[in-house]
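In: predicted model, plus sequence, below.
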Amino acid sequence: MATLLAYIFYFIAASASPLQRRWLALKRTGGGIGQIDFAFKTTLVIITFGLSLFLIQPFKVSGDIRAIVALAVICGVAGVGFWVGSFVAQKHVDAGITTLVSNIYTPITIILASVFLNEKLTTLQIVGTALLLFAILLISKKHRIGRFHFDKYFLLMVVSGVCLGLVLSAERALQKTTGFTAGTLFSWWAQSASLGLVALMVRKKTTHTKKEIFITGTLQFFQALSWVLLLLIVGNLSLVSAVTTFKVVVIFVIAALLLNEREDLPRKILGSLIAVAGLLLMK
């Protein structure tokens with residue numbers, strides 16, 4: 001029952017967050033590098049609410065300190081790639097396409113989990129990866145400027161998905177090294193600090209209101225919380241990464257209904273179904 005509830009929580013949170021961000025991006029003018037400051041302030045909301053993890057497990061640091069620092073640095077550096085790529089490109093890429101493309105993190109996490117976390121890589125997972133890549137190519141028509149050339153915003157989403165795979169793998173390793181609460185918070189703190197440093201260097205303030213920042217950060221927190229709780233309950237990064245990606249179909253449908261993103265909808269639905277099939281093979 002706990003596993004089922006955790007999956008339901010994840011599907012709701014992981015669908016609401018990207019849809020809200022896409023809606024906000026369409027509603028607002030501007031964007032660009034000002035989105036970096038917006039992303040940073042969003043992570044401040046996440047790490048503030050993140051203190052509630054103390055209620056789930058005590059904060060306790062254990063394990064090799066050098067390994068913890070190294071993994072936190074990976075989370076910080078890769079986190080910048082994930083947040084910047086995702087937020088800067090959000091205005092220019094449909095919500096469903098964003099979600100499907102970002103799921104490139106799934107094969108990344110599976111490969112890294114197989115190599116570093118002793119979670120075995122199978123032939124079916126390799127086939128599933130090929131199907132996912134085909135699905136991404138299928139739904140990318142709007143963003144193709146050549147046979148295998150894409151516009152910068154689509155590529156930013158791909159980079160964001162790859163970086164997310166690195167973040168989730170390093171975060172999972174942190175949890176296994178020093179415990180659930182400490183590992184999760186070290187990852188979130190590192191990402192926020194690194195993003196804050198980049199925002200400071202860019203010196204471009206967001207135009208989003210405090211209310212928009214708070215709502216976006218809250219939804220992002222619930223998405224992040226649902227993910228780590230699911231990992232805590234299920235205990236297998238590869239399995240969770242594969243099964244949870246069924247949200248791709250849900251987001252395509254809701255985005256078509258609420259955000260009027262209906263261009264090439266049959267192609268998008270077909271691509272999402274192929275992606276889900278591939279992702280399920282990766283479990």
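Out: Perfect, thanks for sending it. Note that the structure is a prediction, hence the values are computed from the model and not measured.
In: report the contact partners of Ile65.
Out: By C-beta atoms under 8 Å, 6 or more residues apart in numbering, the contact set of Ile65 is empty. In short, each C-beta sits where N, CA and C put it, glycine included.
In: quick one: low-confidence parts of this protein?
Out: Low-confidence segments of the chain (pLDDT under 70): 28-31, 94-97, 99-100, 103, 113-126, 128-151, 236-265, 267-269, 271-272, 275-283.
In: residue ranges of the strands in it, please?
Out: Here the chain has its strands, by DSSP state E, at 144-146, 149-150.
In: tally of neighbours for the residue lying closest to Pro58 once chain neighbours are set aside?
Out: Of all residues not flanking Pro58 in the chain, Thr181 sits nearest, at 6.7 Å (C-beta to C-beta, 6 or more residues apart in numbering). For Thr181, the number of neighbouring residues by other C-beta atoms under 10 Å comes to 23.
In: return the residues in contact with the closest residue to Glu171 other than its chain neighbours.
Out: Among residues not flanking Glu171 along the chain, Ser187 sits closest, at 4.0 Å (C-beta to C-beta, 6+ apart). Contacts for Ser187 (C-beta under 8 Å, 6+ apart) come out as 71-72, 75, 79, 167, 170-171, 174.
In: what subset of those residues is buried?
Out: Listed as buried from those are 71-72, 75, 79, 167, 170-171, 174; burial here means 16 or more other C-beta atoms under 10 Å.
In: out of those residues, list just those in helices.
Out: Among these, the residues falling in helices (DSSP state H) are 71-72, 75, 79, 167, 170-171, 174.
In: spit out the contact partners of Ala2.
Out: Ile233.
In: how far away is the nearest residue to His92 once chain neighbours are set aside from Val101?
Out: Closest residue to His92 apart from its sequence neighbours, by C-beta to C-beta, 6+ apart: Tyr153 at 3.9 Å. Separation of Tyr153 from Val101 (C-beta to C-beta, to the nearest Å) stands at 10 Å.
In: which residues of the stretch 101-250 of the chain fall in helices?
Out: With helices called from DSSP state H, counting those that start in this stretch, the stretch 101-250 of the chain shows them at 105-116, 123-139, 152-178, 180-202, 210-234, 237-243, 247-258.
In: other SSEs contacting the third one?
Out: Spelled out, it's helix 152-178. Packed against helix 152-178 by the contact rule (3 or more C-beta pairs under 8 Å, 6 or more residues apart in numbering; DSSP states H and E) you find helix 65-89, helix 95-102, helix 105-116, helix 180-202, helix 210-234, helix 237-243.
In: what's the most buried one of those helices?
Out: Highest mean neighbour count among those (mean count of other C-beta atoms under 10 Å): helix 95-102, with a mean of 27.
In: if we can go back for a sec, dump the residue contacts of the residue nearest to Pro58.
Out: Counting by C-beta under 8 Å, 6+ apart, Thr181 makes contact with 53-54, 56-60.
In: what's the ChimeraX line that selects buried ones from these?
Out: Per 16+ other C-beta under 10 Å, the buried members of those correspond to this ChimeraX selection:
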select :53
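In: closest one of the contacts of Thr181 to Leu225?
Out: Closest to Leu225 out of the contacts of Thr181 is Leu53 (8.0 Å), distances taken as C-beta to C-beta.
In: so Thr216 makes contact with Leu24?
Out: Yes - counting by C-beta atoms under 8 Å, Thr216 does reach Leu24; the two are 6.7 Å apart.
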